[in-house]
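In: Pasting a predicted model and its sequence here:
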Amino acid sequence: MNNSASLPLVIGLGELLWDCFGDDRRPGGAPANVAFQANQLGCQGTVVTRVGQDDLGRELLDFLKQQQLATDYVQVDENYPTGTVTVEFSDANDPQYTIHEQVAWDHLEFNDPLATLMGEAQAVCFGTLAQREAASREAIHQCLAATGEDCLVVYDINLRQKYYDPDWIERSLKAARVVKLNQDEVQVLSELLNLDGGDLPQFAKQLQTDYGVEAVCITRGSGGCLIYAESQSYDIPGTPVEVADAVGAGDAFTAALISRRLLGWPWDRAALFANRVGGLVASKSGAMPVLRDEFEQLSQEIKNS
């Protein structure tokens, strides 16, 4: 871990698990992916999660250490196993997930060290999946309540299978400054929360008005993204890439958007960078490819363009 106090602290709060592809498995979990990518993007990425007291958990801790990520806030559970997800592809752009239940990250606990850490964070990214059990849901919201006034709290909605509920989503929207979701999730939220999903600017405005959200980001895969922030809308086109698999590409987008906003980049430039980062990760296999040098080169290219 890079201990430089000058690096912004970006926390991925929620699940850390193994993505299992047939006979192969790779580290994953959306918040963990965000922290990993934030670390590659010039921030101090830190994962707040829980793994089992088993070989799979030890391997994940070893992986984080190898990637220079702190493991101080990865809790170890004596009763529940490390999380796993079975990933299947009928289409490289559309992975299908089977997320196994009653695992360690479902039982995250809030404590004094987490309260201190949250108060020091410049950004926190959390999602919906890790809120599927009451224990982790309450721990996550206690963590969010412990953040400082200037912390960039990002809710990456990230709906998976049946693991969401309108009450959890509304509570999370109220806790967030920035909301990120994809086009499919716009439709689901429209039905759950009685919003106008057919008119994206109106949809974003309703989220901002009803829940106090500062910015709404809607991703469109290869079609780029839409950003609604500061009474402005930005339509950022995508850049075509040859997709190896799309696992973790959206999380890389989120990490890139966070990292450049923390550097003071305007929304349109930060979103352009995030699109390119997401595409780069989609062109590689797995959720956590090592691309630190490529990200830095891309950052300089966009910053100087």
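Out: Structure's in. What do you need?
In: Tell me where the stretch 201-305 of the chain has strands.
Out: 215-219, 225-229, 232-236 (DSSP state E, counting those that start in this stretch).
In: Looking at those strands, which is nearest to Gln122?
Out: strand 215-219 (15.9 Å; Cβ to Cβ). (Glycine included, C-beta is placed from N, CA and C.)
In: how many degrees apart are the closest one and strand 232-236 in direction?
Out: Relative orientation of strand 215-219 and strand 232-236, computed by axes from the mean of the first three to the mean of the last three Cα atoms, to 10 degrees: 20 degrees.
In: mean confidence for strand 215-219?
Out: Taken as a whole, strand 215-219 has an average pLDDT of 96.
In: got the angle for that strand vs strand 225-229?
Out: 170 degrees.
In: Given strand 215-219, what are its sheet partners and their directions?
Out: strand 178-182 (parallel), strand 225-229 (antiparallel) (DSSP bridges).
In: and the ones you listed as TSV, adding mean pLDDT?
Out: Listed next are those as TSV, based on pLDDT from 0 to 100:
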stretch	mean pLDDT
strand 178-182	96
strand 225-229	95
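In: Make JSON lines from the strands of the stretch 201-305 of the chain and add distance to Tyr97 to it.
Out: Below are those laid out as JSON lines (distance: least, Cβ to Cβ, whole Å):
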{"stretch": "strand 215-219", "distance to Tyr97": "17"}
{"stretch": "strand 225-229", "distance to Tyr97": "22"}
{"stretch": "strand 232-236", "distance to Tyr97": "27"}
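In: wait, which of the ones you listed is closest to Val103?
Out: That would be, of the strands of the stretch 201-305 of the chain and by Cβ to Cβ, strand 215-219, which comes in at 27.0 Å.
In: that older thread, mind putting the strands of the stretch 201-305 of the chain into CSV with distance to Glu120 and mean neighbour count?
Out: Formatted as CSV, the strands of the stretch 201-305 of the chain follow (distance: least, Cβ to Cβ, whole Å; neighbours: other Cβ atoms under 10 Å):
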stretch, distance to Glu120, mean neighbour count
strand 215-219, 23, 24
strand 225-229, 25, 23
strand 232-236, 31, 16
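In: Could you check the ones you listed and tell me which one is nearest Thr71?
Out: strand 215-219 (29.7 Å).
In: Name the surrounding residues that touch that closest one.
Out: Strand 215-219 is contacted by residues 177-183, 186, 200, 203-204, 207-208, 225-230, 250, 253, 257, 267, 271, 278 when judged by Cβ atoms under 8 Å, 6 or more residues apart in numbering.
In: For PyMOL, write a command that selects the buried ones of those.
Out: In PyMOL, a selection of the buried entries from the contacts of strand 215-219 looks like this (16 or more other Cβ atoms under 10 Å):
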select buried, resi 177+178+179+180+181+182+186+200+203+204+207+208+225+226+227+228+229+250+253+257+267+271+278
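In: Can you verify my assumption that Thr254 contacts Lys180?
Out: Yes. Between Thr254 and Lys180 there is a contact under Cβ atoms under 8 Å: 5.6 Å.
In: ok so, going back, JSON lines please, covering the strands paired with strand 215-219 and showing distance to His141.
Out: As requested, the strands paired with strand 215-219 are exported to JSON lines (distance: least, Cβ to Cβ, whole Å):
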{"stretch": "strand 178-182", "distance to His141": "16"}
{"stretch": "strand 225-229", "distance to His141": "24"}
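In: So which of the ones you listed is nearest Asp72?
Out: Nearest of those to Asp72, taken as Cβ to Cβ: strand 178-182 at 25.9 Å.
In: could you dump that closest one to PDB, C-alpha only?
Out: Extracted C-alpha coordinates of strand 178-182, given in PDB (Å, rounded to 0.1, in the frame of the first residue of the first chain):
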ATOM      1  CA  VAL A 178     -23.500  10.800  -7.100                       C
ATOM      2  CA  VAL A 179     -25.600   8.000  -8.500                       C
ATOM      3  CA  LYS A 180     -24.400   5.700 -11.300                       C
ATOM      4  CA  LEU A 181     -26.500   3.200 -13.100                       C
ATOM      5  CA  ASN A 182     -26.900   1.600 -16.600                       C
END
